[in-house]
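Enquirer: quick one: sequence and predicted model below, then my questions.
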Amino acid sequence: MFLRPWSRNFLCSCRGFSVCTPYASIKSASELALKNISELQALQKIQNHTEKLKFFSSKLHNKGEPFTLQLGDLITEHTSVPELNEILDKFSQSNELFTMRFLEKASIIAHKNRSAELARRLRTYAANAMIDLSRVAFVNIFWTLLKTRDKEGIVETIEGQPIAFKVARRIFRRLLVYTSEAGENIEICFFLTNSLFKRLLNNREALSKDEKSELQNLYYDLLLCFSYSYYVPGVKLLLPMLYNGSFKEINRTAIDRSLLALLSTGELEAALELLVYLKNNNIPINDAYLRMMVINFCLANKPTLAVRFCQAWFKQSKMLSSTENLLLIAESLSRASNDFAAISKQMQPFSIESSSFYLPSHRLLMLVALMMKNSSGILHSYAVLKKANAITNKELRIMMQHAMDLRSTEFAEAVLKESEFTLQSNRSQLLMDFVAILFLNKEYTKAFATLEKTFASKIKPSHNIISFSLSLVKRFGTKNDLFFLRRSFKNMGIETLDEIEKNLPPKVVYRCFNY
């Protein structure tokens, strides 16, 4: 090509131009370019918007001369939204005038003025003229709608619009930053994930290796965004993509936060599905999440489901069969029913010898029996555990607590005898429990003797037992009882006795086992 394209419309006027073009055609094209420059300069000299429209219309409807102007020539950086709307109203029937250049310039005005109505009109005119929005026009329209929180407009703009991966990535990146900073637009983020991200995922085979990696990173960033916002619909929308194998690598932070969001909002079914996925893929699960699952079942008054969950998962974590965890379920069971026999029947599938949850279920029943002060239930479960050589210090302290509830020194002595072969540290706790029961039953002489005997065995009384005994003797004992108690403690070297007695509350509670 040997002519210099000095006009922005030169190439448009020379469509089909080739080296074989006749000289007359070349001359005609150059004349059109000169005419376009002349008319454009004339249009730019007009300051009044109405006069500009008149000039443009006169050139448009002049059939005797070729029309060289473009609708975008009417737009300057000073064009207002009402003026642009007037242009659209006047030329709305002429789809051929809506070029990409016009849409780009108009979208800048819409974005600058945050006019969602104008942005939606531009999108509609582009669709009517069958024009795919350029990156500039699309981004301007999209951010205008986003900043004005026009959810429907955003979704309509996305649907049917071919969007390159780089543009989509930029949209999500900026949206994620905007959402995290402002704490808003989480629903718009959800709508875009449901439409645009799904579209990217369905077309991932066409992406390069780096783009696939970026898509995976984007997935986990979206998951984190929804999780930190506790926006459950978003979490539940994204997780199935992980389950069906769309992404091979695991982002533990995103998964943990998702699990926390589901558990915190009581979405037990979705949380359980995620736990099963982690278990099947040999991914370690934090004990805290399993405990939260149990807590949720108990709060929902579904203790049987909590037991079933523990049975299925206790091999994953010893915490599920621990006394602390079983105590939660026991409290839920005792709230649901006052009939221990009915609860025992309910727990029968778990407490039979062939059950994998056999021993933990009897620990559970023992706790329920303790709460209901059912001696036969406690003794039966204790016998089962003893037969299996599964007695721990927790069970002995439960028995001691039951002795305290019954105010039975004989029961406490029997429990103490059972503990003869336990560790010294565990036995010292039980001895203190026994002393507390003696004081509770006003058997002060025996209590003093036991205290001195335990001290001779290098077992020092705890702060709790000192406070408890002082409180009881002060309230129910004689002056002599109080004198002997103080002397016993001083003989044991309790230097802070006066301070403890001075700060003694009106009533001190002692428990062998807290429930």
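Expert: Here it is on my side, so go on.

Enquirer: hey, let's count contacts and neighbours off CA atoms from now on
Expert: OK.

Enquirer: low pLDDT regions in the stretch 351-500 of the chain?
Expert: 423-425 (pLDDT under 70).

Enquirer: quick one, helices of it?
Expert: With DSSP state H, counting those that start in this stretch as the criterion, the stretch 351-500 of the chain has helices at 358-371, 375-387, 393-406, 409-418, 424-440, 444-456, 463-476, 479-491, 497-502.

Enquirer: just how off-centre is the second one within its chain?
Expert: Mean C-alpha position of helix 375-387 versus that of the full chain (C-alpha atoms, centre = their mean, to the nearest Å) differs by 42 Å.

Enquirer: and the contacts of that helix?
Expert: 340, 359, 362-363, 365-367, 369-370, 391, 395, 399, 402 (C-alpha atoms under 8 Å, 6 or more residues apart in numbering).

Enquirer: repeat the analysis, applying 7 Å as the threshold.
Expert: Leu359, His362, Arg363, Leu365, Met366, Ala369, Leu370, Ile391 (C-alpha atoms under 7 Å, 6 or more residues apart in numbering).

Enquirer: with just CA atoms, put it into PDB.
Expert: In PDB, the C-alpha atoms belonging to helix 375-387 read as follows (Å, rounded to 0.1, in the frame of the first residue of the first chain):
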ATOM      1  CA  SER A 375     -26.600 -46.700  90.600                       C
ATOM      2  CA  SER A 376     -27.400 -49.900  88.600                       C
ATOM      3  CA  GLY A 377     -26.600 -48.200  85.300                       C
ATOM      4  CA  ILE A 378     -23.200 -47.000  86.700                       C
ATOM      5  CA  LEU A 379     -22.300 -50.300  88.200                       C
ATOM      6  CA  HIS A 380     -23.300 -52.300  85.000                       C
ATOM      7  CA  SER A 381     -21.200 -50.100  82.700                       C
ATOM      8  CA  TYR A 382     -18.300 -50.200  85.200                       C
ATOM      9  CA  ALA A 383     -18.500 -54.000  85.300                       C
ATOM     10  CA  VAL A 384     -18.400 -54.100  81.500                       C
ATOM     11  CA  LEU A 385     -15.300 -51.800  81.300                       C
ATOM     12  CA  LYS A 386     -13.600 -53.700  84.200                       C
ATOM     13  CA  LYS A 387     -14.100 -57.000  82.400                       C
END
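
Enquirer: picking up where we left off before, now the buried members of the contacts of helix 375-387.
Expert: In terms of neighbour count (16 or more other C-alpha atoms under 10 Å), the buried residues within the contacts of helix 375-387 are Leu359, His362, Arg363, Leu365, Met366, Ala369, Leu370, Ile391.

Enquirer: which member of those is positioned nearest Asn426?
Expert: Ile391 (12.3 Å; C-alpha to C-alpha).

Enquirer: ok, how many other residues are close to Asn244?
Expert: Each residue near Asn244 was counted by other C-alpha atoms under 10 Å, and the total is 9.

Enquirer: do you know how far it is from Glu83?
Expert: 52 Å (C-alpha to C-alpha, to the nearest Å).

Enquirer: on that earlier part again, of the contacts of helix 375-387, closest to Ile500?
Expert: When the contacts of helix 375-387 are compared against Ile500 (criterion: C-alpha to C-alpha), the nearest one is Leu370, at 31.6 Å.

Enquirer: correct me, but that closest one touches Gln401?
Expert: No: using C-alpha atoms under 7 Å, Leu370 is not in contact with Gln401, being 8.1 Å away.

Enquirer: okay, now the unreliable bits of this protein?
Expert: For the chain, the ranges with pLDDT under 70 are 1-40, 42-44, 61-69, 95, 160, 178, 180-184, 423-425.

Enquirer: in it, mark out all the strands, start to finish.
Expert: Taking DSSP state E as the test, none of the chain falls into strands.

Enquirer: end to end, how far does stretch 416-432 reach?
Expert: Stretch 416-432 end-to-end distance (C-alpha to C-alpha) = 10 Å.

Enquirer: ok, and what's touching it?
Expert: Asn393, Arg397, Ile459, Ile465.

Enquirer: related to what we said a few turns ago, quick one, which of the helices of the stretch 351-500 of the chain is nearest to Leu103?
Expert: Closest among those, once you apply C-alpha to C-alpha, is helix 358-371, at 70.4 Å.

Enquirer: got the angle for the closest one vs helix 375-387?
Expert: 150 degrees (axes from the mean of the first three to the mean of the last three C-alpha atoms, to 10 degrees).

Enquirer: send me helix 358-371 as PDB with only the CA atoms.
Expert: In PDB, the C-alpha atoms belonging to helix 358-371 read as follows (Å, rounded to 0.1, in the frame of the first residue of the first chain):
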ATOM      1  CA  TYR A 358     -18.800 -51.200  72.400                       C
ATOM      2  CA  LEU A 359     -16.600 -49.800  75.100                       C
ATOM      3  CA  PRO A 360     -17.100 -46.000  74.300                       C
ATOM      4  CA  SER A 361     -20.900 -46.600  74.400                       C
ATOM      5  CA  HIS A 362     -20.600 -48.000  77.900                       C
ATOM      6  CA  ARG A 363     -18.600 -45.100  79.000                       C
ATOM      7  CA  LEU A 364     -21.400 -42.900  77.600                       C
ATOM      8  CA  LEU A 365     -24.100 -44.900  79.400                       C
ATOM      9  CA  MET A 366     -22.000 -44.600  82.600                       C
ATOM     10  CA  LEU A 367     -22.000 -40.800  82.200                       C
ATOM     11  CA  VAL A 368     -25.800 -40.700  81.600                       C
ATOM     12  CA  ALA A 369     -26.400 -42.900  84.600                       C
ATOM     13  CA  LEU A 370     -24.300 -40.500  86.700                       C
ATOM     14  CA  MET A 371     -26.400 -37.500  85.600                       C
END
